[in-house]
Structures are given as C-alpha cells and as structure tokens.
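Engineer: what's the 3D shape of this:
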Amino acid sequence: MVAMHLEVHVVPVSDVDRARQFYENWGWRFDGDTAPAEGVRVVQFTPPGSACSVTFGEGVTPSAPGTAQAVLTVPDIEAAHEDLLGRGVRASDMWHGVPFPPEARLPGPDPGRASYQSYFSFTDPDGDTWLVQEVTARLPGRD
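Structural biologist: The predicted structure is shown next:
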C-alpha cells in the first residue's frame with residue numbers, strides 16, 4: 001500500500017481575520033495568508049509538532065462555519081489544558097473514558113493516565129470543535 005499522510009484539515013470560518021487572530025493567539029505556526037484570486041483567501045497554520053496543517057479562508061470550502069470537528073493529540077493532557085487556558089482559550093473541563101456521548105464521560109483525566117483515555121474540548125470563534133486527546137503510548141502501527 002502507498003503511504004498516505006494527512007496534510008491539511010480545512011476549517012470553515014465566517015470571519016477570516018478573527019479566525020487568524022484566534023490561531024495566532026493559540027501559538028500555532030503561521031504558514032501563510034494568500035489571496036490567489038478574487039474572492040479567494042487562504043490562511044494556513046500548523047500545530048506545534050504536527051505534519052498536518054489547518055487551512056481556512058474565503059472561497060476554500062462550501063461547508064458552513066461551525067461544522068468542522070477535529071482531534072488533536074497531546075502527550076500531557078493537563079499541560080495542554082493549562083497552556084490553552086493561559087492563552088485565553090475557553091476549554092471544557094477534562095474528562096476520561098470515551099469522547100462520545102457526553103453523558104458517558106467521567107470527570108477529570110484518566111486516573112492511571114492510560115493512553116487514549118483523557119480528553120477536553122474547545123471551539124473556535126465559529127463553533128468548530130476541537131477534541132484534545134492524551135496519547136502517551138501509540139497503538140501498534142501508529143508511529
């Protein structure tokens with residue numbers, strides 16, 4: 001099988017400048033802001049340590065703002081939660097167990113800090129949802 005790498009996740013936004021400010025404040029690497037044609041503007045950021053970037057702008061997706069959902073993985077859920085709160089991002093409380101449905105969530109990070117078991121979430125200014133998951137040891141084949 002040919003290797004495939006997820007390169008870009010497109011996030012629909014209603015206000016490009018507001019979204020750009022949000023991701024800048026979040027501390028992601030700014031990759032570019034271009035307007036290659038009339039009615040088209042492409043802004044791209046990359047999370048620290050990630051090979052996949054986030055793109056948003058004007059004329060880049062027909063999806064409605066607030067409909068995107070994505071998962072970020074972090075090696076330390078408590079440090080990530082504290083960092084985002086310190087940057088002014090309104091994040092949910094941490095929970096463990098399963099990400100869905102919300103009523104099955106247990107409060108706080110996983111007591112044993114088992115990989116793939118601790119979460120929190122936040123939304124961008126349009127309501128696009130980011131789920132943050134702690135991964136301390138990858139499943140086999142997921143380098």
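Engineer: okay, CA-based contacts and neighbour counts for the rest of this
Structural biologist: OK.
Engineer: didn't residue 115 look like it was pressed against residue 136?
Structural biologist: Yes - Residue 115 lies in contact with residue 136 (CA atoms under 8 Å); the separation is 5.0 Å.
Engineer: Now do the shared contacts for these two.
Structural biologist: Counting by CA atoms under 8 Å, 6 or more residues apart in numbering, residue 115 and residue 136 have no contacts in common.
Engineer: Who does the longest strand seen in the chain pair with, and is each partner parallel or antiparallel?
Structural biologist: Longest strand in the chain, counting residues (DSSP state E): strand 29-37. Sheet pairing of strand 29-37 (DSSP bridges) gives strand 40-46 (antiparallel).
Engineer: quick one: the helices in this protein?
Structural biologist: Shown for the chain, the helices assigned by DSSP state H span residues 16-26, 77-86.
Engineer: Check which residues of the first one are buried.
Structural biologist: It refers to helix 16-26. For helix 16-26, a neighbour-count test (16 or more other CA atoms under 10 Å) marks 16, 19, 20, 22, 23, 26 as buried.
Engineer: do the same with stretch 48-64
Structural biologist: Burial within stretch 48-64, assessed by neighbour count using 16+ other CA under 10 Å, is assigned to 53, 54, 55, 56, 57, 58, 60.
Engineer: Spit out the contact partners of residue 117.
Structural biologist: So residue 117 contacts 96, 97, 98, 109, 110, 133, 134, 135 (CA under 8 Å, 6+ apart).
Engineer: most centrally placed residue in this protein?
Structural biologist: Geometric centre of the chain, nearest residue: residue 130, 4.3 Å, by CA atoms, centre = their mean.
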